[in-house]
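>>> make a model of this:
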Amino acid sequence: MYERAISYEVVKRLFGDISDHKTAEIINSGLPITELEKIALLLTGDTDHIRDTGRLAPQSQELLGLLRSDDEAWEEGRG
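Model prediction:
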């Protein structure tokens, strides 16, 4: 099934104030909104709801790891 592209505004609504390069990575990931919502929830550390998210796809796990890294580590890892 075709998923439409995630907009900049949707990314900012889900993830808040993140850097533009991380926003671009999220948009370009091609992940469905349901996976992005899971990642956003995991990043909040809300332990009451984490177990309800289910398992993340491998690509989602990779994106989660990148989003958890600070900006300096991000640049080193992407270079």
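
>>> pLDDT-wise, which helix or strand of this structure ranks last?
One helix or strand of the chain scores below all others by mean pLDDT, DSSP states H and E: helix 71-78, with a mean of 54.

>>> mind jotting down where the strands sit in this protein?
Ranges of strands in the chain, per DSSP state E: none exist.

>>> just the helices in it please.
8-15, 20-29, 33-44, 47-50, 58-68, 71-78 (DSSP state H).

>>> which other helices and strands does the first one contact?
For helix 8-15, the helices and strands in contact under the criterion 3 or more C-beta pairs under 8 Å, 6 or more residues apart in numbering; DSSP states H and E are helix 20-29, helix 33-44. The C-beta positions use only the backbone N, C-alpha and C, and glycine is treated the same way.

>>> got a markdown table for the ones you listed, with distance to L56 too?
Formatted as a markdown table, these follow (distance: least, C-beta to C-beta, whole Å):
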| stretch | distance to L56 |
| --- | --- |
| helix 20-29 | 12 |
| helix 33-44 | 6 |
